[in-house]
Each structure stands twice: as structure tokens, then as C-alpha cells.
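Novice: Model the structure of this input:
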Amino acid sequence: MNTEKTKKNKVYFTFKPSYSGLTDQLWQFQSVYRLGTYLGYKYHHKAFTTQRSSSLPSHSKLIPKHGLIPSIRRAINERIIFKIRKQPDIYDFLGVKDYLKSISEKIPSGQKAEIIIELNDRLHDDEEIKNFDQLIKHVREKVDEFDYLRCIIIITFKFNTGRIFRKIINSECLTETSALDFGNAYRLKRKIEPLKYTFNKNKIKVLVHIRQGDTSVIETPWNTYIPVLESEEMAFTEFNTSEEIKTENRMLINDIYRFCSPFFENIGIDKLSTKIFSDGFERAFHAIYAYKEKLNFSNKQIDLLKQHQISYTQKAFGNFSSIENCKLIIGEEIEKLYDMIDSVFLADVVIVGTQNWMIPKFLSLFFNENNMPILVILYKVNKPHLKRFGMPGNNPRNIYVDIDNFDIDQITKQITKVLT
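Specialist: Take a look at the predicted model:
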């Protein structure tokens, strides 16, 4: 396919993300950048932020995801929380803000026409934009509508959900001209603003990410179990045993410990510098308090839960806290997120479960298959696939482990071979 040649109009494009997390927004941007540069348009940077991770659990859980009124409520909620926490911009920390400014084109003076193209389900279903060629045709037709004005055209590609069009664009549009180097942007930022976060540089550096938070199963003081992941039908229902809560993607802390403990022993505890990151359980408890009516909890039960919450994290991570050369970093404070991000860049081995895809997504955006740390993915039942994150399926740096059936000696040899 040939790129768009605009003889009469200068066309610029910019980007507005969906309400989503850091890695999803950067994936959306990557798709938009590929699309815009493919068409021969110039990128003009407009600042965007992600504040989803700063939402207080009790607020975020009570606001539906879709609709005009929920969107307004969420916007107000985020502004208030952002001011209270005075949270720095994650994109500034990553160096992404400076990087995108550096590749931005200044829009000259003159008559302008603005076009908003929403890359959402409606465009896919109602307008029947089903593939890349149809999307290209749709964008060009929008631009041609302003051809008679001989003006500067500014297209804002706006995501709402974004997954459909991210796949459509990325399946056909992977050219060198649209390559982005977020990883180098981060390394440059750290040269300018170095951090104190570190591993022991003389040891094998291992990062373990254990997502809990709003995906947790909370054990109550009266020995029942409550899953809090809203997307599940079983959410905010009491169960007598944890085994009753069936989901293959959920990883309990002990599941991850069952792999980490023999792995650390095989490598040699004295050879490792290990950092365990987790968001902990604050969001889970806040969610339960918000849904206390559905659970039919009395005030006495809520009081018991609040007392239970005080020592819950310490007990849940008790096994990990006893491991030598292992540092626990638990919580959702922004400094801990920054520590985790920087640790990903320093780590030799990263261990994750299928309860969260934040780290694999991050690796796909900031690394390539040759310079990334070894990624160990713990799973149950069905082996996951990383191709959907833009990673090749045969990369020896991606190691899959069935948590219920693994040979620790074989895995240790495989990891040691890649490390050397």
C-alpha cells in the first residue's frame, strides 16, 4: 500500500486515550502513531495522563465504567483525588512526555479544521469498518470532506475501548517508519534524573510481581472466602472454601510461593537479590465495605473485617518475608510503582502470574525480544500466549510454568542457560 499524498491540505494527527491504565494507553498510542505515519500525516503531541491507578478503591468501585454521567463522575473523582495526592505524572517519570514532545510537529498558523475519529465498537459494528483497508479508506474520506477549504487538518484519534482497532492496525501496520523507542526514552530520563532504587548489582536480580488488589480473594475472620473481581459472577459472594472459587487465571500468593521457593533454593539464595512487588489488599477490603449490603454484613462483621485488615498483608506474605535477600514492597503508593518500573529495567528475571498482564505489556512496549529480562509466566490449566502482546512465541526468554506440574530442575537449567 502507498502512503497518503496530500497535495492541498497539511494533515496532522493527535491522540486521546481511553480511561485505562498506563500500558493500555501506550498501546493505544502506538497504534495511532502507526496509523497516522502510515497515512503520511504528521504527529502533533497533546498531553495525556493516566490516573486510574490513583483512584481510591472505595471511589472507583462505585462508578460504572460506561455512560456519560459515570464519565463525568469519574472525571470529577479523578481531579479531586489527583489534587489530594499531588501525584506526579507517570509519563514524565517514564520519559515518555519528553520523548513525544521531541517527535511532535508544530502546527503552523492558518485556517484549521478539526476531525475526531473515535476508534470504538460503534465504528467497527455500525460503520462496518472491519479491516485495515476499510479503516484507511474511512480516514481518507473524512479528510477529503475538507479538501475544498485548503486548510490545515487536525485529526484526533480517540479511543474508548480500543482493543478491536489496536488489533486491526497492528496486524497490518508494523513499519520501521512508525517505530517508537519508549525504552531509550526511559533510560535517557534516568541519566538526567537518576534514582536510588536498586538491587544488589553483584547478584542475580529477580523481580516477582504478585497482583492482588481488586482481583483478590479475601479470607474473613470467620473463615469464609470472598472474591472481589467485579467482572466475575461470583464476586462479593461468600464461599466456605477457596476451592469453590473456580477461575484458572487467579493466582493466590501461595501458588506463586510454590514456584519461587524451590526456584530460589535451586539457584542459591546467596546468589540472588530479590524484590517482591504487590499492590496488597487495600482495594479488596474497600470493595467489600462498599458492597456490604450485597453481602448482608452487619456492622459487627465490618468492624471485625477492619481489625482483620490490619495484619492481613503481613500474614498473607509471611512465607516470602522469611526468605533471605528478599525485599517486600507492598502497596499502591506512587513511589512503589516507580521502584517496580525501575526494577524491571534492572532485573535479570521477572516472575509473574496470569492474574495480571501489566508486566508483559510493559515489556512489549519498552523492550525488544533480545534485551528484555527473562520472563517467567506462572499459569494454571491453559498455557497463555504472548503473541497478543506483540511478543514472539518462540523467544527463549519467555518461560511458561504450569504451577501444578513443573520440573524445577529443568526450569532452573533453562533460566541459567539464558542468563549465561
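Novice: All the helices of the stretch 1-150 of the chain, residue numbers only.
Specialist: For the stretch 1-150 of the chain, the helices defined by DSSP state H, counting those that start in this stretch occupy 22-38, 57-60, 68-85, 90-94, 96-102, 121-125, 132-144.
Novice: report the angle between the axes of the first one and helix 132-144?
Specialist: Spelled out, it's helix 22-38. Taking axes from the mean of the first three to the mean of the last three CA atoms, to 10 degrees, one finds helix 22-38 and helix 132-144 inclined to each other by 70 degrees.
Novice: Comparing the helices of the stretch 1-150 of the chain, which yields the minimum mean pLDDT?
Specialist: Per-segment confidence across the helices of the stretch 1-150 of the chain bottoms out at helix 57-60, which has a mean of 42 in mean pLDDT.
Novice: hey, what's residue 117 bridged with?
Specialist: According to DSSP bridges, the partner residues bridging residue 117 are residue 157.
Novice: those strands in this protein, which residues are they?
Specialist: Residue ranges of the strands in the chain, as given by DSSP state E, are 10-16, 42-43, 112-119, 152-159, 204-210, 217-219, 225-227, 272-278, 326-330, 349-353, 374-379, 398-402.
Novice: Now tabulate those strands in a markdown table and tack on mean neighbour count, mean pLDDT and distance to residue 188.
Specialist: C-betas here are computed from N, CA, C, even on glycine. Converted to a markdown table, those look like this (neighbours: other CB atoms under 10 Å; pLDDT from 0 to 100; distance: least, CB to CB, whole Å):
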| stretch | mean neighbour count | mean pLDDT | distance to residue 188 |
| --- | --- | --- | --- |
| strand 10-16 | 20 | 94 | 22 |
| strand 42-43 | 17 | 96 | 19 |
| strand 112-119 | 16 | 92 | 30 |
| strand 152-159 | 21 | 93 | 26 |
| strand 204-210 | 24 | 97 | 22 |
| strand 217-219 | 18 | 94 | 41 |
| strand 225-227 | 21 | 94 | 42 |
| strand 272-278 | 23 | 96 | 24 |
| strand 326-330 | 18 | 95 | 25 |
| strand 349-353 | 24 | 96 | 22 |
| strand 374-379 | 21 | 95 | 24 |
| strand 398-402 | 17 | 94 | 27 |
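Novice: okay if I get the ones you listed as TSV plus distance to residue 234?
Specialist: TSV is the format used below for those (distance: least, CB to CB, whole Å):
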stretch	distance to residue 234
strand 10-16	35
strand 42-43	44
strand 112-119	33
strand 152-159	30
strand 204-210	21
strand 217-219	10
strand 225-227	5
strand 272-278	22
strand 326-330	25
strand 349-353	19
strand 374-379	20
strand 398-402	24
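Novice: Which one of the ones you listed lies nearest to residue 296?
Specialist: Each of the strands of the chain was checked against residue 296 via CB to CB, and the shortest separation belongs to strand 225-227, namely 12.0 Å.
Novice: what distance separates the closest one from the middle of the whole chain?
Specialist: When distances are taken as CA atoms, centre = their mean, to the nearest Å, strand 225-227 is centred 24 Å away from the chain's centroid.
Novice: what's it in contact with?
Specialist: Strand 225-227 is touched from outside by 216-220, 234-242, 244-245, 247, 250, 288, 295, with contacts defined as CB atoms under 8 Å, 6 or more residues apart in numbering.
Novice: Derive a ChimeraX selection command for the buried subset of those residues.
Specialist: Typed into ChimeraX, the line below selects the buried ones among those, using 16 or more other CB atoms under 10 Å:
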select :216,217,218,220,236,237,245,247,250,288,295
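Novice: Mind checking which of the contacts of strand 225-227 are in helices?
Specialist: Counting by DSSP state H, these place 288, 295 in helices.
Novice: which regions of the stretch 151-300 of the chain sit below the pLDDT cut-off?
Specialist: In the predicted model of the stretch 151-300 of the chain, residues 161-162, 173-178 satisfy pLDDT under 70.
Novice: Just the pLDDT at residue 357, thanks.
Specialist: Among the per-residue scores, residue 357 holds a pLDDT of 87.
Novice: show me the residues around it that make contact.
Specialist: Applying CB under 8 Å, 6+ apart, the residues contacting residue 357 are residue 389.
Novice: And it, how far from residue 383?
Specialist: Applying CB to CB, to the nearest Å, the value for residue 357 to residue 383 is 14 Å.
Novice: Backbone dihedrals for residue 193, please?
Specialist: Recorded main-chain torsions at residue 193 are phi -130, psi 80, according to degrees, to the nearest 10.
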